[in-house]
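Predicted coordinates and the sequence they were generated for:
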Amino acid sequence: MLTIAPSIITIPTPKTPFLTTQTGFQTYLNARFGYRIVYPTDFIPQGESENGDGQVFMGRDGAKLRVWGGYNVLQETPASALQQELRRCRENRRQVTYRTVGQGFFVLSGYESDRTRIFYLKKMVRPSLQVGFEFVYPVKNRSRYDRDVTFMANSLRLLTP
């Protein structure tokens, strides 16, 4: 079975099983960079970017999910990519409250400079490729989105090793 919606393709195969077993999520698949992630069904896709690297999804309450892929032209490692993101956080006056780096990925989370929104960023870093997502959501809706972001983070996958 192949399901096609505007800029959303869900293809269940043995290598890429459905990740939407949890009610309230659907799968976004990026063909150019070969990654997938689930996102809340009540988020509105804004259309894939012109170069096909990803897409933005908007929640009705101002929450925003941005997903992307790109070539790792600078040959960053998860640790060096994390340092670059920490620099950007300082420049944008974000308050980082959580960070971790693991085998092939890193995660940052904290508050936007206005402290009314939370950000969560996860990036997978491979020798030739980087894919990631950033989810920014209102603090007032934290109880919902803290659960959602955990599910999204666990769903981010490269379709080829």
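All right, it came through fine.

which stretches of this protein aren't confidently modelled?
With pLDDT under 70 as the threshold, the chain has low-confidence stretches at 1-22, 161.

residue nearest the centroid of this protein?
Central residue check for the chain by C-alpha atoms, centre = their mean: the C-alpha nearest the mean position is that of Phe133, 2.0 Å away.

Hmm, that one is touching Met124, no?
No. At 9.7 Å, Phe133 and Met124 do not qualify as touching, with contact defined as C-beta atoms under 8 Å. Where you see a C-beta, it was placed from the backbone N, CA and C, and this is true even at glycine.

overlap in contacts of those two?
In the contact map built from C-beta atoms under 8 Å, 6 or more residues apart in numbering, the residues linked to both Phe133 and Met124 are Leu156.

give me the element the closest residue in space to Phe105 that isn't next to it in sequence is part of.
Closest residue in space to Phe105, ignoring its immediate chain neighbours: Met124 at 4.8 Å, by C-beta to C-beta, 6 or more residues apart in numbering. In this structure, Met124 sits in strand 117-125 according to DSSP states H and E.

Can you list the strands that that strand pairs with?
Sheet pairing for strand 117-125, assigned by DSSP bridges, gives strand 105-111 (antiparallel), strand 129-138 (antiparallel).

wait, which of the ones you listed is closest to Tyr39?
In terms of C-beta to C-beta, the element of the strands paired with strand 117-125 nearest to Tyr39 is strand 129-138, at 8.7 Å.

List of residues touching that closest one?
Contact partners of strand 129-138, identified using C-beta under 8 Å, 6+ apart, comprise 30, 33, 35, 37, 59, 61-72, 76, 81, 112, 116-124, 145, 148-149, 152-153, 156, 158.

Just the buried residues of these.
Under a neighbour-count criterion of 16 or more other C-beta atoms under 10 Å, the subset of the contacts of strand 129-138 counted as buried comprises 30, 33, 35, 37, 59, 63-69, 76, 81, 112, 117-124, 145, 148-149, 152-153, 156.
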